[in-house]
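**Student:** show me how the following folds:
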Amino acid sequence: MEVVILCGGRGTRMGNEAENLPKPLFNIGDKPILWHIMKTFSSQGYDNFILCAGEGIEKMYNFSNKLKKEEKWDINVKYTGADSTKSERIKLIKDLIKGEKFFLSYGDDLADISLNKLLEYHKNHGKLVTITGVKMQSPYGMIKFEEDGKINSFEEKPILNIWMNGGYMVLNKGIFKYLDKGELENRVLPYLATEGEVFMYKHTGKWKSMNTLKDNLEINELWRNGNAFWRTW
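**Tutor:** Below is the predicted model:
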């Protein structure tokens, strides 16, 4: 079963270094975050990877060639354009999907997820798409107060009771019929949801995305301190 990873974005919020380095190749410890994501899959039995690359394609080729010597993984790097949408990237790897379903992941999300439970959930509902839902963490501290303005407590960046797409999706091959409708998150998935074809697997464990340089520093601190919750190997 193929694992398709979208790793073609520019990483515009990652600081000046992103001008020369694709975001998925930013290091966590001494390995790119993309390696950590791939290791999460391979440790659970999925090691057939298709990397939808764009920005910094030569660096992605170099990363792949080095990894093929270090790991027993099947890696196919596909150049899908520097400015392509997610839907356009996925369309370009259609011929590389051999089975009836495949994993789809972003190149910047880490989670302590059971991929087998995710896949089992997808098979049981029998529809086109399963996304992994995670609860959003507030980027700001929260204040609890009374009517007269008296503050009772402060809570630093609490987990909110709001679900969001955490990546780690399973898609049936039938998804390719709908990708011409537009961008994956803005057009395709909302349309399929109205058709009853999208289900959410609730991941109640830990999850973190690397959207900014600050996120990168925080994730590196977790790794250094032995708190890498995503390490399932």
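**Student:** which stretches of the protein aren't confidently modelled?
**Tutor:** Filtered on pLDDT under 70, the chain yields the residue ranges 10-20.
**Student:** residue ranges for the helices of it, please.
**Tutor:** 33-42, 57-70, 86-91, 115-125, 189-194, 213-224 (DSSP state H).
**Student:** need the winner for burial among those helices.
**Tutor:** helix 33-42 (a mean of 23; mean count of other Cβ atoms under 10 Å). Glycine gets a C-beta too; all of them are placed from N, C-alpha and C.
**Student:** and the angle from that helix to helix 213-224?
**Tutor:** Per axes from the mean of the first three to the mean of the last three Cα atoms, to 10 degrees, the angle that helix 33-42 makes with helix 213-224 is 50 degrees.
**Student:** which helices and strands sit right next to helix 33-42?
**Tutor:** strand 2-7, strand 48-53, helix 57-70, strand 101-106, strand 109-111 (3 or more Cβ pairs under 8 Å, 6 or more residues apart in numbering; DSSP states H and E).
**Student:** now for the residue nearest to residue 119 when sequence neighbours are not counted: which residues touch it?
**Tutor:** In this structure, residue 119 finds its nearest non-sequential neighbour in residue 170, 5.9 Å apart by Cβ to Cβ, 6 or more residues apart in numbering. For residue 170, the contact set (Cβ atoms under 8 Å, 6 or more residues apart in numbering) comprises 101-104, 118-119, 122, 129-130.
**Student:** closest to residue 25 out of those?
**Tutor:** Nearest to residue 25, judged by Cβ to Cβ, of these is residue 104 at 19.4 Å.
**Student:** nearest spatial neighbour of that closest one, skipping sequence neighbours?
**Tutor:** residue 169 is the one closest to residue 104 (Cβ to Cβ, 6+ apart), at 4.4 Å.
**Student:** the one you found contacts residue 106, correct?
**Tutor:** No - counting by Cβ atoms under 8 Å, residue 169 stays clear of residue 106, with 9.0 Å between them.
**Student:** could you point out the longest strand in the protein?
**Tutor:** Taking DSSP state E as the criterion, the chain has its longest strand at strand 129-137.
**Student:** which parts of it are buried?
**Tutor:** Within strand 129-137, the residues that qualify as buried are 129-135, counting by 16 or more other Cβ atoms under 10 Å.
**Student:** neighbouring strands - and their directions - for it?
**Tutor:** Here strand 129-137 has these sheet partners by DSSP bridges: strand 159-165 (antiparallel), strand 169-172 (antiparallel), strand 198-202 (parallel).
**Student:** what lies in contact with that strand?
**Tutor:** Under Cβ under 8 Å, 6+ apart, the answer for strand 129-137 is 111, 113, 118, 121-122, 157-172, 175, 189, 192, 197-204, 207.
**Student:** okay, residue 169 and residue 106: which has more neighbours?
**Tutor:** Between residue 169 and residue 106, counting by other Cβ atoms under 10 Å, residue 169 is the more crowded of the two (23 against 20).
**Student:** quick check: the residue of the chain most remote from its centre vs residue 132, distance?
**Tutor:** The centre of the chain is farthest from one residue, residue 148, which by Cα atoms, centre = their mean lies 43.8 Å away. Separation of residue 148 from residue 132 (Cβ to Cβ, to the nearest Å): 43 Å.
**Student:** picking that back up, mark which of the contacts of strand 129-137 are buried, thanks.
**Tutor:** The neighbour count (16+ other Cβ under 10 Å) marks 111, 113, 118, 121-122, 165-172, 175, 189, 192, 197-201, 203, 207 as buried among the contacts of strand 129-137.
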